[in-house]
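Peer 1: Okay, predicted coordinates and the sequence, questions at the end:
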Amino acid sequence: MASRVRYSSLCRRARLTSAKTKGQTFPAMNIFRFAGDMTHLASILALLLKIQATRSCVGVSLRTQELYAIVFVTRYLDLFFSFISVYNTIMKLFFICSSCCIIWYMRQHRVVSQTYDREQDTFRIIFLVLPCSLLSVFINHELSAVEILWTFSIYLEAVAIQQLCFPTRWLPCTVFAQLDIPILYRTRI
């Protein structure tokens, strides 16, 4: 009897903690999503702090950062017409802005941009973007522009890390921030 009461109170509490927006019910935040978001946040902050502290982007792949900026911009287009929660909006804005900030550091910052090794970062990202684009047009949930772009971002994120496998001289610390922590983030699903 006690277990049945405890279960029904948990179900009621879960229903009460779900967010409602425009007639839609969204599930409450769970610990796995939060842990995934925090590991993703940690990887971006570690990379930004490394670039800021050393005033160098040696070992950081600009191509990877550009791919992630494309992923975040295409995935989070719903910021303009759908509100889920303050937490969700802040995280989406942070991911877009931080990716653009890293790209700005590597391309425009007067000191950091001089340390970027263009000859080492030679992977042609068109080999990832084009197949993901075609695949998202033909294999998606719904034939709408937003859904196709969201599907594209899922496919592109799945292969964006691949181009890091080609260079052979990336710094181990940077590779950890660029490879291991985002993999931890994706395993939350």
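Peer 2: Received it, and whenever you're ready, just let me know what you need.

Peer 1: Which secondary structure element of this structure has the lowest mean pLDDT?
Peer 2: Across the helices and strands of the chain, mean pLDDT, DSSP states H and E gives its lowest value to helix 2-17, namely a mean of 37.

Peer 1: and whichever strand or helix holds V146, how far from the chain's centre?
Peer 2: According to DSSP states H and E, V146 maps onto helix 145-160. Its chain's average C-alpha position is 11 Å from that of helix 145-160, according to C-alpha atoms, centre = their mean, to the nearest Å.

Peer 1: what mean pLDDT would you report for it?
Peer 2: Confidence for helix 145-160, expressed as mean pLDDT, is 92.

Peer 1: Renumber starting at 41 from here on
Peer 2: Sure thing, new numbering starts at 41, so read that last one as helix 185-200.

Peer 1: Now that helix: buried residues?
Peer 2: By neighbour count on 16 or more other C-beta atoms under 10 Å, the buried set for helix 185-200 is I188, L189, W190, T191, F192, S193, Y195, L196, E197, A200. Bear in mind the C-beta positions are built from the backbone N, C-alpha and C, glycine included.

Peer 1: That helix - contacts with which helices or strands?
Peer 2: helix 102-115, helix 166-178 (3 or more C-beta pairs under 8 Å, 6 or more residues apart in numbering; DSSP states H and E).

Peer 1: List the contacts of it.
Peer 2: Residues outside helix 185-200 that contact it (C-beta atoms under 8 Å, 6 or more residues apart in numbering) are 104, 107-108, 110-112, 114-115, 117-118, 168-169, 172-173, 175-177, 179-181, 226.

Peer 1: Show me which of these are buried.
Peer 2: Taking 16+ other C-beta under 10 Å as the criterion, what is buried in these is 104, 107-108, 110-112, 114-115, 168-169, 172-173, 176, 180.

Peer 1: Export those to TSV and append columns for pLDDT and distance to T79.
Peer 2: Listed next are the buried ones among the contacts of helix 185-200 as TSV, based on pLDDT from 0 to 100; distance: C-beta to C-beta, whole Å:
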residue	pLDDT	distance to T79
T104	89	17
L107	93	19
Y108	92	15
I110	94	21
V111	94	16
F112	94	16
T114	95	22
R115	93	18
L168	90	23
V169	93	26
C172	94	24
S173	94	28
S176	94	26
N180	88	28
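
Peer 1: Could you single out the nearest of those to I136?
Peer 2: F112 (4.8 Å; C-beta to C-beta).

Peer 1: Hmm, that closest one is touching F134, no?
Peer 2: No. Using C-beta atoms under 8 Å, F112 is not in contact with F134; the gap is 9.5 Å.

Peer 1: and stretch 156-164, how far apart are its ends?
Peer 2: With C-alpha to C-alpha, to the nearest Å as the measure, the ends of stretch 156-164 fall 17 Å from one another.

Peer 1: Alright, calling it a day.
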